[in-house]
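Peer 1: Attaching a predicted model along with its sequence, questions to come.
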Amino acid sequence: MTRTAGTARSRTGSGVGRTAAAAVALATAVGLAAPGAAAAQEGRGNPLEGVWRTEGYGLLIAVSGGQVTTYDVTAHSCLPGWVTGTQASEPGPDGTTRYTVGNLAMTLTPKGRNRAVEREESGVGTKSLTRLDALPPLCARPAPNDPLAVFDRFWEDFEENYPFFAAKGIDWHAVRDEKRPTITPATTADRLQDVFTDMLGPLGDAHTGLARVVDGHAKEVFGGQRPDSTVQTPELTARALQASAAQLTGPEQQFAGGRLGVGRLPDGLGYLRVSSFDGYTDGDFRSQVDELDRALDAVLAGPDRPTGLVVDVRLNGGGSDALGLHIAARLTDRPYVAYRKVARNDPADPTKFTRPEPVTVRPSAGGHFTGPVAVLTSSISTSAAETFTQAMTGRSPRVLRVGENTQGVFSDIMIKSLSPEFMAVLPNEKYLTRNGSTFDGPGIPPNVRTPVFTPDELAALRDSALSTARRMLTEDAQGNQSSQGDHGDQGNAENDQEQQRQEQQ
């Protein structure tokens, strides 16, 4: 998923409610942009030199002297963002220029003099850019950082970008009217933090969060989550891994420092555990893909090809959408639309979004597996784990989903600077289904619901979801009954009902 130019994807391993922490850790890792970063001045040699406004996202991107700098803007504020990138290559034939931000990368491509497109290497989709004559005056002077100014900036970032107030039944204006009178010039940072946390909690959104910046390092102080979520702990993770391993016919083969696991199940089935869509290596995105391919080759390639495949994302807290699409590309021999992305695009109107951008699964150049597939999900399955699950719903033959609803957050995460001390984390996108609805909020439902990580299951080292998927895939592979097709139709009906319910909201 996208993680540069002001947006980020969650990193896995820390469970539900920790996606904000992952985004903040990322901001610290690549380096916070220094306040007062130099504004870009339009140059004569590079057509990208100058200042660009993104369509949606509340961002300006300034290009000057081989560097890009972002600015977070609202109707009444402008602060240097957390991204400063360095040009990493000479422009290509079409002017495409690559910039690096730590181990991350982004490209900018001019489309004539006044238009450009930004793409992030580990993400999917693009951002459309329009040239400005110069940085707005707000960006050219220091922003006030008194408590009331920081409160207004926080409220306005959500007011202009957050897409889900209506769906969650939150009157954001009423929240401001209640909280703003409590802020005075004497309000301490600790008190301001408490106010922000009180405002975010009712959203129940795992892609919202708050961080404090101390000595150049950002630390999460709040991360949202859906109220009925399972909280991932080291103890739960250890027991869950033991329970699934008990059904394998041999030891699990691990990749990516244990984030990926490959094994064999009875009746010729393959097992792929994906506990993260990030952090596979310490290198760039290409090295992440290579490590993922190693795991995929271990389960799919060679003479011992599986009769069916179980992909387990129940312990997956997110990462890169592109890595999820890479798995999908190994599991199909025909292209199809995974989803369509839109971003909120009018600060004054929460119903207006950018034009839907199709994101397509394209068969990989190597071998493909087109047999029956089951995906195991839980409420811990968050962010990129959910966009992967959504991408798999368009696959043919249909994919069986077993377990429980995913967490219900799909958007890339935006990290917004509030002051030298505070950063906010929030979403601004929707990942649309074929019917134009989303699974934001309740998450993607399973076709077959089973217990997942319950105390009884963990105590007995029992894994009902994996047992159910094994049984159904075996029946389908043996041709005893068309269980996958039947349940795929059932899943479509359930999806349609869920989409209609959300549309009515």
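Peer 2: Perfect, I can see it now.
Peer 1: and L458, what helix or strand is that in?
Peer 2: According to DSSP states H and E, L458 maps onto helix 455-459.
Peer 1: With L60 instead?
Peer 2: strand 59-64.
Peer 1: if we can go back for a sec, now do the helix holding L458: distance to the chain's middle.
Peer 2: Helix 455-459 has its C-alpha centroid displaced from the chain centroid by 30 Å (Cα atoms, centre = their mean, to the nearest Å).
Peer 1: and the next element down the chain from it?
Peer 2: With elements assigned by DSSP H and E, the helix or strand that comes after helix 455-459 is helix 464-478.
Peer 1: What residues of that following helix count as buried?
Peer 2: Neighbour-count burial for helix 464-478 flags S464, A465, L466, T468, A469, R470, M472, L473, T474, E475, D476, A477 (criterion: 16 or more other Cβ atoms under 10 Å). C-betas here are computed from N, CA, C, even on glycine.
Peer 1: Redo these as CSV? Include pLDDT.
Peer 2: Output for the buried residues of helix 464-478, formatted as CSV (pLDDT from 0 to 100):
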residue, pLDDT
S464, 98
A465, 98
L466, 98
T468, 98
A469, 98
R470, 97
M472, 96
L473, 96
T474, 94
E475, 90
D476, 83
A477, 71
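Peer 1: between those, which is nearest S378?
Peer 2: Nearest to S378 among those: A465, at 8.0 Å, using Cβ to Cβ.
Peer 1: wait, doesn't that closest one sit right on V402?
Peer 2: Yes: in this structure, A465 is within contact of V402 by Cβ atoms under 8 Å, at 5.0 Å.
Peer 1: re earlier: could you tell me the average pLDDT over the helix holding L458, please?
Peer 2: Mean pLDDT, helix 455-459: 97.
Peer 1: can you list the weak-confidence ranges in this structure?
Peer 2: 1-45, 479-505 (pLDDT under 70).
Peer 1: Helices along the chain, start to end?
Peer 2: 19-30, 147-161, 165-168, 172-179, 189-200, 234-245, 285-300, 321-330, 384-392, 455-459, 464-478, 483-504 (DSSP state H).
Peer 1: Can you list the residue ranges for strands in the stretch 201-350 of the chain?
Peer 2: With DSSP state E, counting those that start in this stretch as the criterion, the stretch 201-350 of the chain has strands at 209-214, 217-223, 253-255, 260-265, 269-274, 308-312, 336-343.
Peer 1: Tell me which residues of the strand ranked longest in the chain come out buried.
Peer 2: Ranked by residue count and defined by DSSP state E, the top strand of the chain is strand 77-87. Residues of strand 77-87 classed as buried by neighbour count (16+ other Cβ under 10 Å): S77, C78, L79, P80, G81, W82, V83, T84, G85, Q87.
Peer 1: just those residues now: which is nearest D177?
Peer 2: S77 (19.7 Å).
Peer 1: Name whatever forms a beta bridge with that closest one.
Peer 2: Beta-bridge pairing for S77 (DSSP bridges): T74.
Peer 1: distance of it from T433?
Peer 2: 35 Å (Cβ to Cβ, to the nearest Å).
Peer 1: What distance do you get for the nearest residue to A424 once chain neighbours are set aside to G81?
Peer 2: Counting by Cβ to Cβ, 6 or more residues apart in numbering, A424 lies nearest to K416, which is 4.6 Å off, once chain neighbours are set aside. Distance, K416 to G81, by Cβ to Cβ: 8 Å.
Peer 1: that older thread, other SSEs contacting the strand holding L60?
Peer 2: When contacts are defined as 3 or more Cβ pairs under 8 Å, 6 or more residues apart in numbering; DSSP states H and E, strand 59-64 packs onto strand 50-54, strand 67-74, strand 126-132.
Peer 1: for those, which one sits closest to D198?
Peer 2: Taking Cβ to Cβ, strand 67-74 is the member of those nearest to D198, at 21.1 Å.
Peer 1: tell me which residues in that closest one are buried?
Peer 2: Of the residues in strand 67-74, those buried (16+ other Cβ under 10 Å) are V68, T69, T70, Y71, D72, V73, T74.
Peer 1: How about stretch 114-123?
Peer 2: Quick answer for stretch 114-123 (16+ other Cβ under 10 Å): A116, E118, R119, E120, E121, S122, G123.
Peer 1: Equivalent analysis for stretch 332-343, please.
Peer 2: Residues of stretch 332-343 classed as buried by neighbour count (16+ other Cβ under 10 Å): T332, A338, Y339, R340, K341, V342, A343.
Peer 1: Stretch 287-295 too?
Peer 2: Under the neighbour-count criterion of 16+ other Cβ under 10 Å, stretch 287-295 has Q288, V289, E291, L292, D293, A295 buried.
Peer 1: my guess is the last one meets G270, correct?
Peer 2: No: the pair formed by A295 and G270 falls short of the contact definition of Cβ under 8 Å, at 11.0 Å.
Peer 1: Need the residues touching each of these two.
Peer 2: Each of V262 lies in contact with both A295 and G270 under the rule Cβ atoms under 8 Å, 6 or more residues apart in numbering.
Peer 1: I'd like the domain boundaries of this structure, if you could list them.
Peer 2: 7-140, 147-223, 234-413+431-504 (automatic domain parsing).
Peer 1: could I get those domains as TSV with distance to V425?
Peer 2: Compiled in TSV, the domains of the chain are given as follows (distance: least, Cβ to Cβ, whole Å):
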stretch	distance to V425
domain 7-140	4
domain 147-223	4
domain 234-413+431-504	6
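Peer 1: among those domains, which is nearest A424?
Peer 2: Closest approach to A424 among the domains of the chain (Cβ to Cβ): domain 147-223, 5.6 Å.
Peer 1: what about stretch 103-115, distance to the chain center?
Peer 2: 22 Å.
Peer 1: Report the backbone C-alpha coordinates of that stretch in CSV.
Peer 2: Extracted C-alpha coordinates of stretch 103-115, given in CSV (Å, rounded to 0.1, in the frame of the first residue of the first chain):
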residue,chain,number,x,y,z
ASN,A,103,13.8,2.3,1.7
LEU,A,104,10.6,3.5,0.1
ALA,A,105,10.2,5.0,-3.4
MET,A,106,7.9,7.1,-5.4
THR,A,107,7.8,8.3,-9.0
LEU,A,108,6.5,11.5,-10.6
THR,A,109,5.5,11.6,-14.2
PRO,A,110,4.7,14.9,-16.0
LYS,A,111,1.6,14.9,-18.2
GLY,A,112,2.2,18.1,-20.0
ARG,A,113,3.3,21.3,-18.3
ASN,A,114,0.6,21.6,-15.6
ARG,A,115,-0.4,18.0,-14.8
